[in-house]
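# attaching a predicted model along with its sequence, questions to come.
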Amino acid sequence: MTSTSPNSVNLRKRLTAKPLLQIMAVHSPLSARLAEEAGFDGLWASGFELSALFGLPDVSLVSMSEHLDMTRRICAVSSLPVIADIDTGFGNAVNVLHTIAEYERAGAAAVVIEDKTFPKVTSLVDGGRQELVRVEEFQGKVEAAVAARVDHDFLIVARTEALIAGAGEEEALRRAEAYVNAGADLILIHSKQSNPDEIVSFTRSWDVAAPLAVVPTTYSEFTPGLAETLGKIGLYIYGNHAIRASVSCMQKTFARIIADNHMMSAQQSIASLDELFRLQGMAQVKTNEARFLR
């Protein structure tokens, strides 16, 4: 089928051309622009980051329309491929048919769907409820996603939370292979261990053609270099660093202003207004005014 999405073509081609793509999580058009300027290969339209931006826990409280709207806005300002983190797909397999159509039209290059029950609980919280759906049920979701896409280059990434749920490597491998058999283009394997041993072991045991995606938030010593050495991994995702960086910078700036009872010292460590104007595209506004306002 003829490709309809430049972003989707870009992601599939990049996966073929480069051994490992580094993907940065974003939660807004501004963070997307910053990630692109920094040199990342793609963007992760993060459900966790958007939940945090809204001041909500990541437990399926952000609606599809809210996440879809932000994904569309991110796609509009960046030339990078955008991978939409759509949690459990906003419903069952029938709902997924609609979900995929909407995200593909929004300009996303891929979606990631996970095999948890709805409503989900974020993967990395201590003591969180981590429940998996039946393999057959999730295969139906993957098959629905594949059937719904118009562009073959729009990628379906199946995320198994078997390691997060404590089900073990054998179950994770069984589920991942079943999802590839259902049509998934990639498998995202996730862990919340403080070291990369689970992911290294899973990767070495993975003998299916589909590439893997990893989100090494809690095991940062699993570097891109190590991922490339292992092979089989196509996507290396920084899953929540943008929102965490934003929070820490704002906390420090706000605390300094309160402590000093003025803004003068804080001014030295924050972006200038000129930098914000640049990121907002004010130069183009001036050009347009000179051309069209009479």
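It's in.

# what segments of the stretch 151-294 of the chain are strands?
With strands called from DSSP state E, counting those that start in this stretch, the stretch 151-294 of the chain shows them at 155-160, 186-189, 212-214, 233-238.

# tell me which of those strands sits most buried.
strand 155-160 (a mean of 26; mean count of other C-beta atoms under 10 Å). All C-beta atoms are positioned from the backbone trio N, CA, C, and that covers glycine.

# on that earlier part again, out of the strands of the stretch 151-294 of the chain, nearest to Phe40?
strand 233-238 (8.0 Å; C-beta to C-beta).

# sorry, back to before: adding distance to Arg174 and mean pLDDT, write the strands of the stretch 151-294 of the chain out as JSON lines.
Listed next are the strands of the stretch 151-294 of the chain as JSON lines, based on distance: least, C-beta to C-beta, whole Å; pLDDT from 0 to 100:
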{"stretch": "strand 155-160", "distance to Arg174": "9", "mean pLDDT": "98"}
{"stretch": "strand 186-189", "distance to Arg174": "12", "mean pLDDT": "98"}
{"stretch": "strand 212-214", "distance to Arg174": "15", "mean pLDDT": "98"}
{"stretch": "strand 233-238", "distance to Arg174": "20", "mean pLDDT": "98"}
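
# so for Ser31, which of those strands sits nearest?
Among the strands of the stretch 151-294 of the chain, strand 233-238 comes nearest to Ser31, with 11.7 Å by C-beta to C-beta.

# next, the angle from the closest one to strand 155-160.
In terms of direction (axes from the mean of the first three to the mean of the last three C-alpha atoms, to 10 degrees), strand 233-238 departs from strand 155-160 by 70 degrees.

# distance between strand 233-238 and the chain's centre?
10 Å (C-alpha atoms, centre = their mean, to the nearest Å).

# can you check stretch 272-282 too?
Distance of stretch 272-282 from the chain centroid (C-alpha atoms, centre = their mean) equals 26 Å.

# cool, stretch 55-75 as well?
Distance of stretch 55-75 from the chain centroid (C-alpha atoms, centre = their mean) equals 12 Å.

# end to end on that stretch, go ahead and measure it.
Using C-alpha to C-alpha, to the nearest Å, one end of stretch 55-75 lies 23 Å from the other.

# which parts of it are buried?
For stretch 55-75, a neighbour-count test (16 or more other C-beta atoms under 10 Å) marks 58, 60, 62, 64, 67-68, 70-75 as buried.

# name the residues that touch the helix or strand where Arg105 lies?
Using DSSP states H and E, Arg105 falls within helix 93-106. The contact list for helix 93-106 (C-beta atoms under 8 Å, 6 or more residues apart in numbering) reads 5, 8, 64, 68, 71-72, 75, 84, 86, 89-91, 111, 113, 137, 140-141, 143-145, 147-151, 154, 156.

# mind checking which of those land in strands?
Counting by DSSP state E, those place 84, 111, 113, 156 in strands.

# write the PyMOL selection for whichever of these are buried.
Here is the PyMOL command that selects the buried residues among the ones in strands among the contacts of helix 93-106 (16+ other C-beta under 10 Å):
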select buried, resi 84+111+113+156
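
# export the ones in strands among the contacts of helix 93-106 as a markdown table, with columns for distance to Glu169.
Shown next, in a markdown table, are the ones in strands among the contacts of helix 93-106 (distance: C-beta to C-beta, whole Å):
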| residue | distance to Glu169 |
| --- | --- |
| Ala84 | 28 |
| Val111 | 25 |
| Ile113 | 21 |
| Ile156 | 23 |
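
# show me which of the ones in strands among the contacts of helix 93-106 is closest to Lys232.
Checking these against Lys232 with C-beta to C-beta, the nearest one is Ile156 at 18.0 Å.

# show me what contacts the spatially closest residue to that closest one that is not a sequence neighbour?
Distance criterion C-beta to C-beta, 6 or more residues apart in numbering; nearest residue to Ile156, sequence neighbours excluded, is Ala145 at 4.7 Å. Shown in contact with Ala145 (C-beta under 8 Å, 6+ apart): 89, 96, 99-100, 111, 113, 156, 183.

# go again with 7 Å.
96, 100, 111, 113, 156 (C-beta atoms under 7 Å, 6 or more residues apart in numbering).

# the third one touches Val82, doesn't it?
The one in question is Val111. No: using C-beta atoms under 7 Å as the test, Val111 is too far from Val82 to be in contact (9.9 Å).

# buried sites along stretch 134-142?
By 16+ other C-beta under 10 Å, the buried positions in stretch 134-142 come out as 135, 138-142.

# ditto for stretch 101-114
So for stretch 101-114, counting by 16+ other C-beta under 10 Å, buried means 102-104, 106-114.
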